[in-house]
Structure formats: C-alpha cells, structure tokens
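Chemist: Generate coordinates for the sequence data below:
(2 chains)
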Amino acid sequence: MTVNLYSYYSARDAGNRRERTSDMDEVDLTSVQEAVDAPREADQPRDSLVAHFGADKPLKLDAGVELAPCQIAYKTYGSLNAARSNAVLICHALTGDQHVASVHPVTKKPGWWETMVGPGKPIDTGRYFVICPNVVGACMGTTGPSSIDPKTGKPWGLDFPVITIRDMVRAQAMLLDHLGIDSLFAVAGGSMGGMQVLQWAASYPQRVYCALPIACATRHSAQNIAFHEVGRQAIMADPEWCGGRYLLEQTNPRRGLAVARMGAHITYLSDAALHRKFGRKFQDRANPTFSFDADFEVESYLRHQGISFVERFDANSYLYLTRAMDYFDLAADYDGTLANAFKGTPTRFCVISFTSDWLFPTPESRAIVHALNAASARVSFAEITTDKGHDAFLLEEPELFAIVRGFLDGAGRSRGLDPKS
Amino acid sequence: MLSREDTNLTAANTHGGARVDLVLVAQMVERGAKVLDVGCGDGELLRLLSETRSVDGRGIELSREGVNQCVAKGLAVIQGDADTDLADYPDDAFDYVILSQTLQATRHPRAVLEHMLRIGQHAIVSFPNFGHWQVRLQLLFAGHMPRTDILPFSWYDTPNIHHCTIKDFRLLCTEIGLRMEKAVALNAWGSPLRLNAPWWFWNLFGEQAVFLLSRKS
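Modeler: A predicted model of the protein is given here:
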C-alpha cells in the first residue's frame, strides 16, 4: 500500500462525508471510521480501570497549579499478595499507554510490552501484581489536554497546565495510595518510562524496592529537545491544529501529528536496522517513478507509522508529553549533583542500555550508574548488543529478558517473595 | 610484620569445585562485609562470597558477556573498566576491594592499586607470579615468551600487559606505602607454599599469589 499523507487524509475526510472517491481504493478506512465513532478514550477509556480524584485530592503540579478533579486510567495484571509486597509499576513511554500486556482497544494490537510482561514472562504476572497507569497529560483516559475542563465544559486544549515527569510520578503515587499499596517491589520502564522510574527512586526511595530504568537518561539532551521541537512544530504548522482548539473546531491536525511521528520514529531506530529492514528497496515497483510517491520501502513504512499513530494519539498530548521529557533534569532538582538524588537510597537498580540507541546512548546510562555508585547504591548495569536502536527495549531481545528476569529473581529472593506467590 | 595465611586446603579444594585462589580470597574477607570485585568475570567469586561470607557484593567487569551473565544471576555488577571507572567511586565506600587475576591486565596497575585502597579499607589482590621457575626456564632455555597453565596466551594476543613477580609486587606495595597484612603463594598444583619459606623461595615456586593489603595507619 502506497499512501501519501495528503491524499490519505483527503480520502478520509471524503469518507466521513460518506462520499467515496477514487482515492478510496488505496486505503482501508474501516478502522479509522471505527475510531471516529467510538466513545472518546480520553473520557471513557475502554478495557481500563479509572481512579477518580475529587477537589479534595488535587494533583499538585510543578507548574504551580492544582489539577482537580482528575482521573487516572490504569490496567492491572496478576494479583496482589497478602503482604502487599509484590506490586510492580510499569511506566510507559511517550506514546505508550496502560495497555501494556493486553489488546489495545483502539488498534486491536497486542499490548506494547507483551514480550516482557505476562504469565511466565520476565515481569511475571503469575508472580507479581502489575499496575500500568496512563500518564497525566496523555490521551488514553488519564486527565490530559483532550479531557474536558470542568470549569468550561470544553476540552482543555492549551489551557491544560504544562506537566513534568515529576507530576506524572506524583499522580502515580496518588494512584498507589488509592489502591492501598505502600511499597512497590519494582518500578520498570523504558525511555520516558525510564525517566519516571528514576524520578520514582529519587522522590520516593522508601516506596521502591528495586528500579529498572531502561534506555533512558537523567536529563533530555539538546539533540533530543531539538527532535521534539521539530515534531511540535510539525503539529503546530498544520492549519487543522487551530491553535490547539481542534476538538472545538472539529478539525484534526493529523498531517502534522503524522509527520511528527515519522520524524520521531527515525530516532527510535538505527541506521543499521533501517538498512537491514529496508535498504534501498523499492515499494511494489521495479523502477523509480520520477515522482514524489513513496518509491522506497522505507518511505512507505514511515508514512504507515505516521498514519497508524494518528488513529490512537492526540496531537496536544504529544506536545505536552514531549515538553515533559524536555524539562526533565533530575540533577537540577538536587543542586546539580545527580548523586544527591540517590543519597542513602535503599533501592536496588538495574540500568540497561542498548549499543545502537542513539536517542539515549549508553553514556547517558553510564552517568546514572556513576551517580548511583557515588551514592553507594546497589546497582547493576548492562549494555545489550543490538542493531535495533532505541526501540530495542520493546522488541524481542533475549539478553534483555534474561537480565530483567535474573535481576527481579535476585531482588525477589531478598524481598522474601515466594516464587509462587 | 606480614603474616602469611594458613589455609585449610582440603576444604578450599572442595567448596563447590570453586577455584583454589578464589577460596583463598574468600577466606580473607570478613563475614557480612561490603565488597567490590573489580574484574569479576562471570561472577564466580561474588557468588562464592555471598554464599560463604554473606557479603554485600558488587562487581565491575569489562566484558559485556560477563556483565550480562552476572546480572542475570542476580548479582549487582556494572560494565566498566578498572583503569578508568574506579575514579568514580567515593572514598571508603567498601570494606574490601578485590582484584582477582586482573592486575596484570590493567594499563596503570599502580593507579588501580591506589584507587582500590582509597575506595576500600582493604584490598585483596591475586596475580600470576612471573618469577615462577617455569616462566624463568622457558625464557632462559627455550628462548620464547612463557606459556603456562595460568598464562596460556601467546605474546601477540595476551590481555596481560603488566606482568610482575611476587618480589615486584611487594616492592610496589612498599613504594606506595601499603601494609601487607596477609599473603599466600600457591604452587603449580594449587597448594600453598610453606609459611616459613623465605621470600625468594615463594618468588621461585609460587605460581600465583594472593595479598591482603590495607592502608598504613
């Protein structure tokens, strides 16, 4: 299938008007139409639990405002043991959500970390009680810019306060209080999820027995902020973004969001992986067409990534969550000395990076390890050899699974978790 | 004055089939101590230490495979280089810092030793003795770089770039001003040499040596 974002969305808009055009032959719009007709995930997330927090329990944000009322959508897997000692919190990445190990209600695809989380998997739901909340600012049921602002009865849009990684973690702590879970056996996550893991260990050391920050950093680099800015500008340059008021205007900055996703997606891969997967192969043709059609497989793949992303993600959420990552600088909260963030920490850490990850390269993980060593923390660190780039943490990587399993088994033994609990 | 360690070798040889030199090292560590094993390989010594001495053990290992094996076993090990990464550890972070069969492979053995005794109250160092008679004979009569059971590499692919003899090591410790608390030399069959033997005898018949060091107070 060869699609161009412009013709794709022209076709889609035509479809909404129930007028079939010749463009329609090129794309299957059924799933898009379903998504449009479905209740909004932002308000009523499907296949999820929702915790509501009223005006009496506001979420205090770093921006200096209080968010109330608010809601947190989450999923749980497995069961909490009698001692309440086997809870594992999974923190999702920028475009992830709570559907970590079960079918996604919008895309109908498997959970985003089913390779890692599930019965008999390294994060074994037969053994641990896994909780995965949607972060604040996102669009899958936790309060975010596409939620309704109770003061106006309209979607928040850009009136939603800017949030930080620390706000996400504070919201997750509220959820755990709500669930009556005082201490977590483990907190695990990759990329933006890894940032939350580090923030958890810094903010609530007594509540985190062990921490697995994977493919992440304690601060977002200038290069990464730059990539995010390109994505945000792509969204804002789309006339359908309407200054962030697209839900009210009944438009959708799909082209901008798709371009943002295409650009970001390149940073999740590696040159070697792209070469292995696509090389310079043509898409369904033997020769170049001497046009700007998607002649190359890699172009077609990226367009597909952009288009399928737009089905499940909100453009303003993309702005807010990328901003949260940009602002993340853990050391800055501790007088510029990262080790102070972990001073006297009782938490056991397992830091993992990937050789071909150029978004969060190994030196970033090494900086975490140095700080943890300086704080005399108990830390393991492994770099995994792979050509799959940043996305490797989501993919089939047997070495990653062996390390996570070994680390959790070891920590479980010292926590006194019965293997069968 | 240096006391040379008396060792129950029968027990040493039989502990889960662990290498004699590792058992010797383990016996020098106080129970429950905080230990950093520099160049911990696949984690055999760390596991022995946690099983027999209940230590709080950490490791540094250069090879990625070694690290990943260790972490998968539940050991707290990081990928790192003794030559560069010891500088990142704060003073007095450990009771013991161990360098097992790794000293001769470091680029700056003296700096590594100094860091070990900055980070730890004690250092335990084991190394192959280049003054062993087999080594001397090979060079003297055969005229080629020595290859033995514990030095199996050819000259062109050996990781061992800073060989030393027991005598050399003692001189370095004196120069740095380290206190040698205990020492053991093992012969080619893995048995400790007689305690009352003179140093020149150790230097000739010890195939490897283990030293327990501390700062001069």
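
Chemist: what sits against the residue nearest to residue A:44 when sequence neighbours are not counted?
Modeler: Leaving aside its chain neighbours, residue A:44 sits nearest to residue A:141 (7.5 Å; criterion: Cβ to Cβ, 6 or more residues apart in numbering or on different chains). Any C-beta I mention is one placed from the backbone N, CA and C, and that applies to glycine too. Contacts for residue A:141 (Cβ atoms under 8 Å, 6 or more residues apart in numbering or on different chains) come out as A:41-45, A:48, A:50, A:71-73, A:98, A:134.

Chemist: Now that we have the residues you listed, which of them are buried?
Modeler: A:41-42, A:45, A:48, A:71-73, A:98, A:134 (16 or more other Cβ atoms under 10 Å in any protein chain shown).

Chemist: circling back: angles on the backbone of the residue nearest to residue A:44, please.
Modeler: phi 120, psi -20 (degrees, to the nearest 10).

Chemist: Next: residue B:167.
Modeler: Torsion angles, degrees, to the nearest 10, at residue B:167: phi -60, psi -50.

Chemist: Let's have the contacts of residue A:141 in a markdown table, adding pLDDT and secondary structure.
Modeler: Shown next, in a markdown table, are the contacts of residue A:141 (pLDDT from 0 to 100; DSSP: H, G, I helix; E, B strand; the rest coil):
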| residue | pLDDT | secondary structure |
| --- | --- | --- |
| A:41 | 88 | coil |
| A:42 | 90 | coil |
| A:43 | 88 | coil |
| A:44 | 91 | coil |
| A:45 | 94 | coil |
| A:48 | 96 | coil |
| A:50 | 97 | strand |
| A:71 | 97 | strand |
| A:72 | 98 | strand |
| A:73 | 98 | strand |
| A:98 | 98 | coil |
| A:134 | 98 | coil |
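
Chemist: which of the residues you listed sit farthest apart?
Modeler: Using Cβ to Cβ, the contacts of residue A:141 reach their maximum pairwise distance at A:43 and A:98, which is 14.9 Å.

Chemist: can you map out the strands along the chain?
Modeler: By default, I'm working from chain A. With DSSP state E as the definition, chain A shows strands at residue ranges A:49-53, A:59-60, A:66-67, A:70-77, A:87-91, A:117-118, A:123-124, A:129-133, A:148-149, A:154-155, A:184-190, A:208-214, A:348-354, A:378-384.

Chemist: Let me rephrase: I mean chain B.
Modeler: Using DSSP E, strands in chain B cover B:3-4, B:34-38, B:56-61, B:76-79, B:94-100, B:120-128, B:178-186, B:208-215.

Chemist: OK, contacts around residue A:146?
Modeler: Counting by Cβ under 8 Å, 6+ apart, residue A:146 makes contact with A:40, A:42, A:139, A:155-156, A:247, A:314, A:316-317.

Chemist: Looking at the contacts of residue A:141, spot the one nearest residue A:150.
Modeler: Once Cβ to Cβ is applied, the member of the contacts of residue A:141 that ends up nearest residue A:150 is residue A:71, at 11.1 Å.

Chemist: got any ranges where chain B has weak pLDDT?
Modeler: Chain B contains residues with pLDDT under 70 at B:1-17.

Chemist: Any chance of the strands of chain A in TSV with distance to chain B as columns?
Modeler: Formatted as TSV, these follow (distance: least, Cβ to the nearest Cβ, whole Å):
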stretch	distance to chain B
strand A:49-53	32
strand A:59-60	34
strand A:66-67	38
strand A:70-77	23
strand A:87-91	16
strand A:117-118	18
strand A:123-124	15
strand A:129-133	20
strand A:148-149	46
strand A:154-155	45
strand A:184-190	13
strand A:208-214	11
strand A:348-354	7
strand A:378-384	4
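
Chemist: Just send those strands back as JSON lines, with distance to residue A:268 too.
Modeler: Below are these laid out as JSON lines (distance: least, Cβ to Cβ, whole Å):
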{"stretch": "strand A:49-53", "distance to residue A:268": "29"}
{"stretch": "strand A:59-60", "distance to residue A:268": "29"}
{"stretch": "strand A:66-67", "distance to residue A:268": "30"}
{"stretch": "strand A:70-77", "distance to residue A:268": "23"}
{"stretch": "strand A:87-91", "distance to residue A:268": "17"}
{"stretch": "strand A:117-118", "distance to residue A:268": "20"}
{"stretch": "strand A:123-124", "distance to residue A:268": "21"}
{"stretch": "strand A:129-133", "distance to residue A:268": "20"}
{"stretch": "strand A:148-149", "distance to residue A:268": "32"}
{"stretch": "strand A:154-155", "distance to residue A:268": "29"}
{"stretch": "strand A:184-190", "distance to residue A:268": "11"}
{"stretch": "strand A:208-214", "distance to residue A:268": "14"}
{"stretch": "strand A:348-354", "distance to residue A:268": "11"}
{"stretch": "strand A:378-384", "distance to residue A:268": "16"}
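
Chemist: per-domain residue ranges of chain A.
Modeler: A:5-37+A:224-323, A:49-219+A:328-415 (automatic domain parsing).

Chemist: Tabulate those in a markdown table, adding columns for distance to residue B:68.
Modeler: Formatted as a markdown table, the domains of chain A follow (distance: least, Cβ to Cβ, whole Å):
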| stretch | distance to residue B:68 |
| --- | --- |
| domain A:5-37+A:224-323 | 20 |
| domain A:49-219+A:328-415 | 5 |
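
Chemist: Fine by me, we can end here.
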